[in-house]
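Undergrad: Return a 3D structure for these sequence lines:
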Amino acid sequence: MIRFLSALSLLLVQPFAQAALLDVFKEDDGSTKWQYVANFSSGVLIILLTLVALILFITWRRARRYNIALEEIKGHLEERVQERTAKLEREVAEHVITTKMLKASEAYIHNILSSMPLVLVGLNDKGNITHWNRRAEQISGISADDAIGQNLWSIYSDITVAPRHIQKALEKGEAITLRHSQPGSYHFDIMVYPLENYSEPGVVILVDDVTKRVTAENMLIHHDKLSSMGELATAMANDINTPLQAILFDLRSFQGILESGKLSPQGCDSAPDTNKVQQLLDNASRNGEQVESIIRNLMQFARGRTDKPEPANVIDILEHSLEQASDVLTLPDTVSFSDIVIERHYEEGLPLIPCYVTELQQVFLSLFRHAYHSIAEKTDSDFQPTIKLYVGQSYDAVSLRIQHNGKGLTDDEQMYLFEPYLHNSDQDPRTTGAGKRLSFAHFVITEQHQGHMAVTSNPDVGTTFHIQLELS
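TA: Okay, here's the model as predicted:
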């Protein structure tokens with residue numbers, strides 16, 4: 001404003017100075033007419049003050065208008081700030097609630113995964129662990145903190161899943177299922193499935209311990225099989241026993257007639273043919289008695305089965321099985337089972353064990369039959385057939401060993417010894433033959449009695465069967 005007035009003064013004064021108009025303010029003698037100067041200056045100042053007042057009024061009006069606009073803007077801004085603040089507060093509150101819900105959901109999902117009875121392992125495409133739940137910690141003995149980020153097979157090489165299974169699941173984009181089991185010990189169902197709609201490729205491994213379910217299913221199947229076997233054994237025994245008794249009756253009658261000499265001419269000695277016939281009849285009678293013993297064993301098996309285990313002395317069961325073996329195990333032109341030396345090594349004071357007596361007798365009879373056939377295959381002249389029996393208590397179980405010095409088993413025979421026999425023309429002849437299998441005995445020990453059974457053998461030394469039965 002000051003600059004404006006100065007510029008205006010110069011504009012007003014400069015023309016007069018240039019036109020020499022200032023002379024009107026001087027007298028003839030050159031003195032100044034101060035009255036004129038004062039009047040002129042007053043008029044100029046009044047004009048200037050009027051202009052200044054006008055400018056100030058215009059400026060005030062403009063400033064007032066601006067202030068009103070600013071007040072309106074301020075009001076709008078305050079309203080928008082309040083609205084934005086309220087919106088941010090709502091968003092923050094919603095975010096806090098969402099965060100809590102996410103944390104709660106994450107904790108809930110983590111708790112579910114940790115509480116699952118299944119082993120759950122998450123892997124990326126490189127085989128590094130991304131998740132390791134509580135069951136995996138219990139099974140492996142490795143904590144989640146030590147496992148996550150590590151290669152699965154470097155810290156837990158015992159797992160059945162191989163890298164090729166992971167690669168196969170990722171390539172196919174679908175789940176693959178594996179089964180891993182040790183009969184009598186454990187059964188696992190393993191599923192490997194790829195992650196979907198995830199930024200990084202990976203898989204999840206689920207290992208389900210189905211031992212109890214498989215054991216229950218096997219027990220049900222076993223019960224049905226044994227029931228069918230019992231019915232079949234009863235039917236076969238009855239069907240065979242009737243004609244057998246007739247044959248034995250005729251043999252004994254013919255023997256009696258032959259011994260009485262009624263078939264030989266009076267006054268003549270027994271002819272050689274008569275002695276031969278007598279010998280043949282004796283052999284037939286012994287074979288018939290053996291068949292009769294087998295039938296009695298079948299009948300006893302059919303009648304003696306129970307639905308629940310009963311406490312029994314395992315030595316008594318073993319001895320009874322030895323008596324049965326002596327009655328039913330005989331091969332022509334070879335050693336009789338009764339001629340085999342039986343060495344007994346029994347620990348005294350053994351407790352009773354809960355067991356299925358009939359099935360356990362059949363197990364021991366099967367082992368004696370296997371031992372007898374192995375002994376019969378050995379043809380050494382100085383060979384003394386021997387079966388050694390060891391029974392003793394080992395912690396909370398009763399351990400049995402049945403050892404014989406007959407022909408031992410090859411590696412292939414040991415591998416397939418406890419597998420079921422299924423006739424197949426393409427099978428290796430070294431592993432065929434129902435008489436060389438002990439799948440029923442193994443099933444009874446491991447599945448029905450929840451015990452353990454194994455075999456060790458050497459073709460030149462013999463074979464030992466190991467059995468362990470729990471006391472409770």
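
Undergrad: The closest residue to residue 383 other than its chain neighbours: neighbour count?
TA: If the residues on either side of it in the chain are set aside, residue 383 comes closest to residue 405, at 7.8 Å by CB to CB, 6 or more residues apart in numbering. (Glycine included, C-beta is placed from N, CA and C.) Counted with other CB atoms under 10 Å, the neighbours of residue 405 add up to 22.

Undergrad: measure residue 405 to residue 154 for me?
TA: Applying CB to CB, to the nearest Å, one obtains 47 Å for the distance of residue 405 from residue 154.

Undergrad: Also residue 408?
TA: Distance, residue 408 to residue 154, by CB to CB: 40 Å.

Undergrad: If you count surrounding residues, which of the two has more?
TA: Using other CB under 10 Å as the criterion, residue 408 and residue 154 rank with residue 408 on top: 20 against 10.

Undergrad: for residue 454, phi and psi?
TA: Note on residue 454: its backbone torsions stand at phi -150, psi 170 [degrees, to the nearest 10].

Undergrad: ignore the last one, residue 453
TA: Residue 453 adopts backbone torsions of phi -140, psi 140, taken as degrees, to the nearest 10.

Undergrad: Run through the residues that contact it.
TA: By CB atoms under 8 Å, 6 or more residues apart in numbering, the residues touching residue 453 are 184, 418, 441-442, 445-446, 465-468.

Undergrad: Could you tell me what pLDDT the model assigned to it?
TA: In this model, residue 453 is scored at 90, pLDDT.

Undergrad: what does the one 5 residues further on give?
TA: According to the predicted model, the pLDDT of residue 458 comes to 87.

Undergrad: Quick check: it touching residue 408?
TA: Yes - Residue 458 is within contact range of residue 408, at 4.7 Å (criterion: CB atoms under 8 Å).

Undergrad: if you go through the chain in chain order, where are the helices?
TA: Along the chain, the segments classed as helices by DSSP state H run 2-19, 34-115, 134-140, 144-147, 152-155, 163-172, 211-260, 272-304, 314-328, 357-376, 411-416, 439-443.

Undergrad: Out of those helices, which gets the lowest mean score?
TA: helix 2-19 (a mean of 50).

Undergrad: For residue 137, give its distance to residue 111.
TA: Using CB to CB, residue 137 is found at 15 Å from residue 111.

Undergrad: An error on my part: the question was meant for residue 336.
TA: Computed as CB to CB, the residue 336 to residue 111 distance reads 68 Å.

Undergrad: same question, residue 460
TA: Using CB to CB, one gets 60 Å for the distance from residue 460 to residue 111.

Undergrad: Of the two, which one has the most company?
TA: Higher neighbour count among residue 460 and residue 111: residue 111, with 11 against 7, using other CB under 10 Å.

Undergrad: Just give the number of residues close to residue 133.
TA: Using other CB under 10 Å, residue 133 is surrounded by 19 other residues.

Undergrad: Quick check: it touching residue 119?
TA: Yes - with contacts counted by CB under 8 Å, residue 133 reaches residue 119, the gap being 7.1 Å.

Undergrad: Of the contacts of residue 453, which is the nearest to residue 92?
TA: Set against residue 92, the nearest of the contacts of residue 453 by CB to CB is residue 184 (61.8 Å).

Undergrad: Now do the domain split for this structure, please.
TA: Following automatic domain parsing, the chain resolves into domains at 2-108, 117-209, 227-305, 306-472.

Undergrad: out of those, nearest to residue 216?
TA: Nearest to residue 216 among the domains of the chain is domain 306-472 (10.1 Å), distances taken as CB to CB.

Undergrad: tell me how far that closest one is from the chain's mean position?
TA: The chain centre lies 32 Å from the centre of domain 306-472; the measure is CA atoms, centre = their mean, to the nearest Å.

Undergrad: any shared contact partners between residue 458 and residue 408?
TA: Residues touching both residue 458 and residue 408 by CB under 8 Å, 6+ apart: none at all.

Undergrad: want to try TSV for the domains of the chain, with distance to residue 216 as columns?
TA: Below are the domains of the chain laid out as TSV (distance: least, CB to CB, whole Å):
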stretch	distance to residue 216
domain 2-108	32
domain 117-209	11
domain 227-305	17
domain 306-472	10
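
Undergrad: what about residue 180, neighbour count?
TA: Residue 180: 13 surrounding residues under other CB under 10 Å.

Undergrad: looking at it, it is touching residue 190, isn't it?
TA: Yes - with contact defined as CB under 8 Å, residue 180 and residue 190 form a contacting pair (6.2 Å).

Undergrad: ok, back up a step: ok, the residue nearest to residue 383 to residue 458 distance?
TA: According to CB to CB, residue 405 stands 10 Å off from residue 458.

Undergrad: Over to residue 384?
TA: To residue 458, residue 384 is 18 Å away according to CB to CB.

Undergrad: Residue 442 too?
TA: Look at residue 442 and residue 458: by CB to CB, they are 20 Å apart.

Undergrad: Mind checking which of those two has more residues around it?
TA: residue 442 (23 against 11).

Undergrad: Return the residues in contact with the residue nearest to the spatial centre of the chain.
TA: Nearest residue to the geometric centre of the chain (CA atoms, centre = their mean): residue 207, 2.6 Å. The contact partners of residue 207, by CB under 8 Å, 6+ apart, come to 118-121, 139, 159, 188-190.
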